[in-house]
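Novice: model this:
(one chain, ligands or ions: 1)
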Amino acid sequence: MKDNGKLDKLALIKARSEDKKIGLVQGSWDLFHLGHLKYIKKAKELCDYLIVAMDSDEKIKKRKGNGRPIIPEDERYNFIKLLEIADDIVIKDANEEKWGLIKEVRPDVLIAIKENYNALQIMNLEEYCEEVAILPRQSESSTSDKIRKITIAEQRNRIDDLDKKVDEKVEEFKKRIDFNNKMDAPLPQLVNYMKKSTDWITPVSAACYYNSEWHFGANQSNFNIPKSDVENRTELYYATVEHAEINLLKNLENVEKLDSPIYTTLFPCDKCMKVLIDKGVKKVYYLEDHPNRNWSKRSHALADEKGIETICLLNKKEETEIQENIDYHGFKYIYPPNARKQEQLDIMMDMENNDRDPLDPNYIEQEILFTTDYWYISKNRFPHQDTGEQYLIVAKEPVYDIHDMSEKMWIELKSIWITLTEKYNIPGGALCFRFGNQELSGASLKRLHAHLVMPTDDKVRFPIGGHKTLKKGLHLNKEN
Ligand SMILES: [Zn+2]
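Specialist: Numbering: from 1, shown residues only. Below is the predicted model:
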C-alpha cells in the first residue's frame, strides 16, 4: 500500500484484473470507536479489496465546524493503517467533486450507513457502483453525539447545583400541566427529557417520531456567553440558549426532510419555527406557550402564514377564555393579574370578597414597624424575586390615586425614606412608587404604597408594567 493518502490506481487495476471484488467505505473516522471498527470489519467481509476513504481535516472542518476533527488527519490515517483491514486508504480533500472518489473507483460494492444517503441518492449511486450495501449504524451514538455529551457534561459542572435547579423547574412544569406518567407517548418521555436541559431558567424539550422511533432534544444554555447574561435574561433570547427543536434536529443528523409532527413542551420561537418549516414539518404539538411574548406572536403568525397546524395538547384553553372574560379592573382593592403567587392571590381574593382592603392597617397580617401621620411601614410579605430587604410604605387612609395624595403625605414620604435608610442601615437601593392603571404600573394592590428595596448580591427584578390576564398556573378562588 502506498502511504500518501492518494488512490493507489495501480493496485486497484491489479485487484480488478485478479477478479477481486472492490469495496469502498467512507467516513471521517474521528475519535475512532468500537462502532467504527465493526463497520470497517463488516465492510471488509463484503469484498476482497477494501478502499477506506477518509475525510481530510479541511473537509471535516468545512462540514462540522471549527473544533472538528478532534483527531488530526495523519493520526486518523495511521490508526486505520495499523488496523490492517484496508487494502488502500484515501484522504479526501475539501474540494473533491461530489461523489468524485466513487466515480473514480467505481466499486463493486459501496458500503454506507442508512443516514448517509436517501433512497433517490442510492438509486443514482447505482450508476457508479454495482451494489450499495447499507449497514445499520454500528454504535448507539456517533462521534458527534459523544462529543456533544462530553461538552454538555462539562457545562453542567460549571453551574452550581445545575441538576437540582433544572429538576425544580421540571417539577413546577409538571404541576402546571397536571402531568402523569400515563399520558400518551411521547409526553411522559418528552417531559422527563427536560431534565437533560442545562437551561435552569426555562428547560424545554422537543420530540419527533422518525425512522420508527422517538427522538428527543433539550435546550442547552450557551455557555460561551457570560453566565450573568444567561441568568439575567427574561425572555428566551436566542443567543443565550440552543433551542430544543434545533438540538432535536441535530440528534437526527443528516435529516433533509422531516414530515413527522414535532412535539414540544414550549411553543417554538419564530426562529425554530422557520427551521422546522424549512425541514417540511407540517404539525406542531405543544404543551405550553407564552402567547404574550413577541417571539411567540411572530411564530404563530409565521405558522399561520405557512399553513402549519399548531395544536395545544392541554385543554387549558377553555379555562383561560373564561378567565379572560373577567373584568380584572372591576375589583375594588386588588388587581389579580399582577399577583405572583397563588398564596398571595388567595389572600387577596379572600379579602376582596369580604370587602376588606388587603393593605388596610387593621387587616394586614405582617408586623407594622412604625407609623407616621399618613403612612405605616411594614415588610413586604411577598417580596420580589432576589430582593434583599424590602419595606412597604403604605397609606394609612384609603388613598388610591396620586391626585388624592396631599403635600403633607409627600413630605412625610421623604422623611420616612431617610429614616428607613438610617434605621435599617440601607446604603443604597431604590424607592419604587407605582401609580395609576395596574396594567401599566404592575401593582397588584390599589391602595397607594411605595417599596423601599435594597438588593442582595444579585440584581433585583422589580416589575413595572402589568398583565392583562392571570399568570399561567394561577386561578381565582371565587368560592372563598
Ligand atoms: Zn426556538
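Novice: residues in contact with A15?
Specialist: By Cβ atoms under 8 Å, 6 or more residues apart in numbering, the residues touching A15 are I22, D48, Y49, D87. (Glycine included, C-beta is placed from N, CA and C.)
Novice: and these near the ion, which?
Specialist: The subset of the contacts of A15 within reach of the ion, counting by Cβ under 5 Å from the ion, is empty.
Novice: mind giving me the ChimeraX command for buried ones among these?
Specialist: In ChimeraX syntax, the buried subset of the contacts of A15 is picked out as below (16 or more other Cβ atoms under 10 Å):
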select :22,49,87
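Novice: which ones among the contacts of A15 are found in strands?
Specialist: Using DSSP state E, I22, Y49 are the members of the contacts of A15 that sit in strands.
Novice: any idea which element K468 lies in?
Specialist: Under the assignment given by DSSP states H and E, K468 is not contained in any helix or strand.
Novice: show me what contacts it?
Specialist: Contact partners of K468, counting by Cβ under 8 Å, 6+ apart, are N292, Y328, P337, E439.
Novice: what separates it from Y328, distance-wise?
Specialist: Distance of K468 to Y328, given as Cβ to Cβ, to the nearest Å: 8 Å.
Novice: got any residues that touch both of the two?
Specialist: Counting by Cβ under 8 Å, 6+ apart, the shared contacts of K468 and Y328 are P337.
Novice: ranges for the strands of the stretch 251-400 of the chain?
Specialist: Using DSSP state E, counting those that start in this stretch, the strands of the stretch 251-400 of the chain run over 262-266, 283-288, 309-312, 368-371, 375-379, 387-395.
Novice: give me the pLDDT for the residue nearest to I89 when sequence neighbours are not counted.
Specialist: Leaving aside its chain neighbours, I89 sits nearest to V52 (5.1 Å; criterion: Cβ to Cβ, 6 or more residues apart in numbering). Looking at V52, its pLDDT reads 97.
Novice: same for the helix or strand V52 falls within, what does it pack against?
Specialist: Applying DSSP H and E as the criterion places V52 in strand 49-55. Using 3 or more Cβ pairs under 8 Å, 6 or more residues apart in numbering; DSSP states H and E as the contact criterion, the elements in contact with strand 49-55 are helix 9-17, strand 22-27, helix 34-45, helix 73-83, strand 88-92.
Novice: what is the shortest one packed up against?
Specialist: Under the contact criterion of 3+ Cβ pairs under 8 Å, 6+ apart, strand 88-92 touches strand 49-55, helix 73-83, helix 100-105.
Novice: dump the residue contacts of V255.
Specialist: Applying Cβ under 8 Å, 6+ apart, the residues contacting V255 are Y210, L249, K279.
Novice: which of these fall within helices?
Specialist: Among these, the ones falling in helices (DSSP state H) are L249, K279.
Novice: in TSV, list the strands of the stretch 251-400 of the chain along with distance to the ion.
Specialist: Below are the strands of the stretch 251-400 of the chain laid out as TSV (distance: least, Cβ to the ion, whole Å):
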stretch	distance to the ion
strand 262-266	8
strand 283-288	11
strand 309-312	14
strand 368-371	47
strand 375-379	40
strand 387-395	31
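Novice: any idea which of the ones you listed is most buried?
Specialist: With neighbours taken as mean count of other Cβ atoms under 10 Å, these reach their highest mean count in strand 262-266, at a mean of 26.
Novice: can you tell me the strand partners of that strand and which way each runs?
Specialist: strand 205-210 (antiparallel), strand 283-288 (parallel) (DSSP bridges).
Novice: helix/strand/coil for E58?
Specialist: Secondary structure state of E58, per DSSP: H, G, I helix; E, B strand; the rest coil, is helix.
Novice: give me the pLDDT for it.
Specialist: You'll see E58 listed with a pLDDT of 93.
Novice: okay but it is in contact with I91, surely?
Specialist: No. Because the distance of 9.9 Å does not satisfy Cβ atoms under 8 Å, E58 is recorded as not touching I91.
Novice: looking at the two, which is more packed in?
Specialist: Neighbours per residue, other Cβ atoms under 10 Å: of E58 and I91, the larger number sits with I91, 20 against 14.
Novice: where in the stretch 151-300 of the chain is pLDDT low?
Specialist: For the stretch 151-300 of the chain, applying pLDDT under 70 flags the ranges 227, 230, 233-238, 254.
Novice: show me the helices in it, by range?
Specialist: 162-176, 187-193, 227-231, 244-252, 270-279, 294-305 (DSSP state H, counting those that start in this stretch).
Novice: any chance of those in CSV, with mean neighbour count too?
Specialist: Listed next are the helices of the stretch 151-300 of the chain as CSV, based on neighbours: other Cβ atoms under 10 Å:
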stretch, mean neighbour count
helix 162-176, 15
helix 187-193, 19
helix 227-231, 13
helix 244-252, 22
helix 270-279, 19
helix 294-305, 16
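Novice: next, the buried residues of stretch 218-228.
Specialist: Buried-residue list, stretch 218-228, by 16+ other Cβ under 10 Å: A218, N219, Q220, S221, N222, F223.
Novice: so which residues on this protein come close to the ion?
Specialist: H243, C269, C272.
Novice: same thing but at 8 Å, please
Specialist: 219, 236, 238, 241, 243-246, 268-273, 295 (Cβ under 8 Å from the ion).
Novice: quick check, nearest of those to K182?
Specialist: Checking the residues of the chain next to the ion against K182 by Cβ to Cβ gives A244 as the nearest, at 23.4 Å.
Novice: OK, contacts around the closest one?
Specialist: By Cβ under 8 Å, 6+ apart, the neighbours of A244 are S197, V204, S205, A206, G217, A218, N219, T264, T265, L266.
Novice: could you say which of the helices and strands packed on strand 49-55 is packed most deeply?
Specialist: Most buried among the helices and strands packed on strand 49-55, counting by mean count of other Cβ under 10 Å: strand 22-27, with a mean of 24.
Novice: angle of it against strand 88-92?
Specialist: Compare the direction of strand 22-27 with that of strand 88-92 by axes from the mean of the first three to the mean of the last three Cα atoms, to 10 degrees and you get 40 degrees.
Novice: not counting sequence-adjacent ones, nearest residue to E256?
Specialist: With sequence-adjacent residues excluded and distances taken as Cβ to Cβ, 6+ apart, E256 is closest to N118, at 6.6 Å.
Novice: please apply the same query to W200.
Specialist: The nearest residue in space to W200 (Cβ to Cβ, 6+ apart) is K165, at 3.7 Å.
Novice: would you check how far apart the one you found and L287 are?
Specialist: 20 Å.
Novice: before we move on, what about G428?
Specialist: 42 Å.
Novice: now do M454
Specialist: Look at M454 and L287: by Cβ to Cβ, they are 38 Å apart.
Novice: now do the same contact list for whichever residue of the stretch 1-150 of the chain sits closest to the ion.
Specialist: As assessed by Cβ to the ion, the ion sits closest to R148 within the stretch 1-150 of the chain, at 18.0 Å. Contact analysis of R148 by Cβ under 8 Å, 6+ apart lists K250.
Novice: I'd like the numbering to begin with 322 instead of 1 from here.
Specialist: Taking 322 as the first residue, the last one we looked at is R469.
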